[in-house]
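when you get a sec, could you give me coordinates for this:
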Amino acid sequence: MRGQRTWTPEADAWLRSYAPGHSTAEIVSEARERLGMELSTYAVKNRLSKLGVKTGVNRGQFRPGHQPYTKGVPRSEWMSPEAIERCRRTQFTKGQAAHNTAPVGSERVNSSGIVEVKVAEKPLGVKAHDNWVPKARIVWEREHGEPWPDGCRCVFADHDKLNLDPENIVPVPQRIYPIVNGGVPGGLSYHDRESLDVAMAYAEVVVARRGLQTGRRDGGGR
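Below you'll find the model as predicted:
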């Protein structure tokens, strides 16, 4: 049987009983000693998979309650002076930012194609990445001297999100936005500021008419 590589019913029975709790390397060694089988780790893993047997052993993970052997031990006792110096050169110091951190005032184009400006070093905590603000809103507020209107969506009159001309940036109330944006039947198409103004006026009429029919001020329903 020495040098055998063919799996017999007896070998399969042994593998089912021995594998749980033992690593692949242990199985290879034990199969050589007990069965005279010269197996590779790949052959063992393949047979375990075919038989539906799991070892339940993962040498790359710490078990619950595991205590690292270096816990509470000074680095000087388990690292050489050279290794400590190498670590010191690459580790972050308190308050240090990553080398690729964008400074305040930086601009980027997000996944939706909108230009954003970084207005604070860290997120303000209201929502994720809220330290980045759409540049279109900044341009509009600077042009009009007032905050962006509450409950309004930003619409680009010519559909070009990179065109930050103040005339191209239009706050559209949420109540008419679905109609203006074409998401609800009954809207008008637009391609510039003039046609957008017409589409918004028409959407207001549509919402008002629906409000009379449904009794809802926001024109809900169809």
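
hey, which helix or strand in this protein has the poorest pLDDT?
For the chain, using mean pLDDT, DSSP states H and E, the weakest element among its helices and strands is helix 81-90, scoring a mean of 79.

how about it, which residues are buried there?
For helix 81-90, the neighbour count (16 or more other Cβ atoms under 10 Å) marks no residue as buried. Backbone N, C-alpha and C define where each C-beta goes, glycine included.

now do stretch 172-183
Buried residues in stretch 172-183, defined by neighbour count with 16+ other Cβ under 10 Å: 172-173, 175-180.

mind saving the C-alpha coords of that stretch as CSV?
Output for stretch 172-183, consisting of C-alpha atoms alone and laid out as CSV, is shown next (Å, rounded to 0.1, in the frame of the first residue of the first chain):
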residue,chain,number,x,y,z
VAL,A,172,-36.2,73.4,-8.8
PRO,A,173,-38.7,72.8,-5.9
GLN,A,174,-39.1,69.1,-5.1
ARG,A,175,-42.8,69.2,-5.6
ILE,A,176,-42.4,69.9,-9.4
TYR,A,177,-39.0,68.2,-9.9
PRO,A,178,-40.3,64.8,-11.0
ILE,A,179,-42.4,66.5,-13.7
VAL,A,180,-39.6,68.8,-14.8
ASN,A,181,-37.1,66.0,-14.8
GLY,A,182,-39.3,63.8,-17.0
GLY,A,183,-39.8,61.2,-14.3
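
make 21 the starting number, not 1.
Happy to do that; since the first residue is 21 now, the last one works out to stretch 192-203.

per-residue confidence for the residue most central in space within the chain?
With distances taken as Cα atoms, centre = their mean, the residue of the chain nearest its centroid is residue 148 (11.3 Å). Taken from the predicted model, the pLDDT recorded for residue 148 is 70.

and it, how far from residue 171?
Taken as Cβ to Cβ, to the nearest Å, the spacing of residue 148 relative to residue 171 amounts to 21 Å.

could you do residue 48 as well?
68 Å.

these two: who's more crowded?
residue 48 (17 against 10; other Cβ atoms under 10 Å).

my read: that one touches residue 54, true?
No. In terms of Cβ atoms under 8 Å, residue 48 does not count as a neighbour of residue 54; the distance is 11.4 Å.

any common contacting residues for these two?
Both residue 48 and residue 54 lack any common contact, where contact means Cβ atoms under 8 Å, 6 or more residues apart in numbering.

which residues of this protein fall in strands?
If DSSP state E is used as the criterion, the strands of the chain fall at 127-129, 135-138, 152-154, 172-176, 189-193.

for the helix of greatest length in the chain, packing partners?
With secondary structure taken from DSSP state H, the chain has its longest helix at helix 213-234. Packed against helix 213-234, as judged by 3 or more Cβ pairs under 8 Å, 6 or more residues apart in numbering; DSSP states H and E, are the following elements: strand 189-193, helix 197-200.

change it to 10 Å
Using 3 or more Cβ pairs under 10 Å, 6 or more residues apart in numbering; DSSP states H and E as the contact criterion, the elements in contact with helix 213-234 are strand 172-176, strand 189-193, helix 197-200.

what lines up beside the second one in the sheet?
If I follow you right, that is strand 189-193. Each strand pairing with strand 189-193, determined using DSSP bridges, is listed with its direction: strand 172-176 (antiparallel).

hey, where'd the helices end up in this structure?
Along the chain, the stretches classed as helices by DSSP H are 29-38, 44-55, 61-71, 101-110, 155-164, 197-200, 213-234.
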